[in-house]
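# Here is the input, now give the coordinates:
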Amino acid sequence: MKLKLCVSNTDVLLSTLSVIQPLRKLCVLRFTPAHLCIISASLNEPQAWCKISQEVFPLYEVESIRDNVLCVETNIDPLINALRNFDKSNSDGLSIRLQRRPVANEGPESSKRNRSMAVLSLIYTEHVSMASSRSYSFKIPVKVLKAEIDQGIVEPQLTHAEVLMKLDRDILPLFRRIERYKRSGYICVTGTNRGRLELSIEEDSRKVQLSWKEFLQVQQLEGETQQQSQFSTQDQDMPHSVQIKLKDWRLGAKLTELCYKVVMIISENHALVLHCILNEDETAEVTYYIGGKCQDQE
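Numbering: from 1, shown residues only. Down below sits the predicted model:
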């Protein structure tokens, strides 16, 4: 089992972690030959599945007996803090290694219990002056997940989308208007097959409806057949609504603000999904699944 990464620019990694940090602190880092997957998931709660291409890292080496897939669980707060410290330094590169956690006076039984415990070691050297430098090391505790646990962590699959539309960055002011409503617990998101988007919220016995002034670009779910996505003429502007928790929507709206491209999906299986491309190079993406009540409007 071996993990060896080098980072010269933390923008992609740090922005990805920072986006999902408000969701939950404990996340799974799954290192595969092609990607680093960052998974923030919990039963019956919103989930974020992030994917960062190995192209982002100048050095990316993963070795394991499971087809070179390595999976660990950790609190991402210390990792974010270490990356931010590196950003502030005058350093050329950050080295990330997986190391066994040292245990004093370890016996056979203790060794068996602590086999899954390890640390992510982050090391960089800061150039203080022309003649001197200073080294920094951060050791972040992680738990190495067994194969059966890792294989049980599966991303939700979308087989059919009621509405799939591309969100323009011009729409952000509409999302920001929702921030003024603090006492409501839920928001209703409605999309139509022609690309009309409407947000409605109830607060203090008052219902507020906000809609985008233009039709958004409607797309087809990848892998969906033409017959599945075909609608009759009378159903072309058929609305589909999903009611979700307002706090979950706010995180999605913040994610939308930080991303380069965003597609919103209303699905009968997974309620509301935001698929976001973080950067122009398209080397990082986040898929945010928000559970809620999905109901067609007649």
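# how about the helices in this protein?
11-20, 76-88, 108-113, 147-151, 172-176, 226-229, 246-258 (DSSP state H).
# where does the stretch 1-150 of the chain have low pLDDT?
Within the stretch 1-150 of the chain, the segments meeting pLDDT under 70 span 102-115.
# The same query, at a cut-off of 90, please.
Along the stretch 1-150 of the chain, the parts satisfying pLDDT under 90 run over 1, 42-44, 90, 92, 100-116, 127-133.
# Okay, strands next: where are they in it?
Using DSSP state E, counting those that start in this stretch, the strands found in the stretch 1-150 of the chain span residues 2-7, 26-31, 35-40, 47-53, 59-63, 70-75, 94-100, 117-127, 133-144.
# could you dump the first one to CSV, C-alpha only?
These are the backbone C-alpha positions of strand 2-7, laid out as CSV (Å, rounded to 0.1, in the frame of the first residue of the first chain):
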residue,chain,number,x,y,z
LYS,A,2,1.5,3.3,-1.2
LEU,A,3,0.3,6.8,-1.7
LYS,A,4,2.6,9.6,-3.0
LEU,A,5,1.3,12.9,-4.2
CYS,A,6,2.9,16.3,-5.0
VAL,A,7,1.0,19.6,-5.2
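# Averaged pLDDT, stretch 238-256. What do you get?
Taken as a whole, stretch 238-256 has an average pLDDT of 91.
# How far away from the center of its chain is that stretch?
15 Å (C-alpha atoms, centre = their mean, to the nearest Å).
# In it, which residues are buried?
Residues 238-246, 248-249, 251-253, 255-256 are the ones in stretch 238-256 that count as buried (16 or more other C-beta atoms under 10 Å). C-beta here means a position set from N, CA and C on the backbone, and glycine is covered the same way.
# Identify, from these, the entry nearest to residue 35.
Nearest to residue 35 among these, counting by C-beta to C-beta, is residue 255 at 19.0 Å.
# and the gap between that closest one and residue 39?
Here residue 255 is placed at a distance of 15 Å from residue 39 (C-beta to C-beta, to the nearest Å).
# With residue 187 instead?
For residue 187 relative to residue 39 (C-beta to C-beta), the value is 25 Å.
# and what of residue 79?
14 Å.
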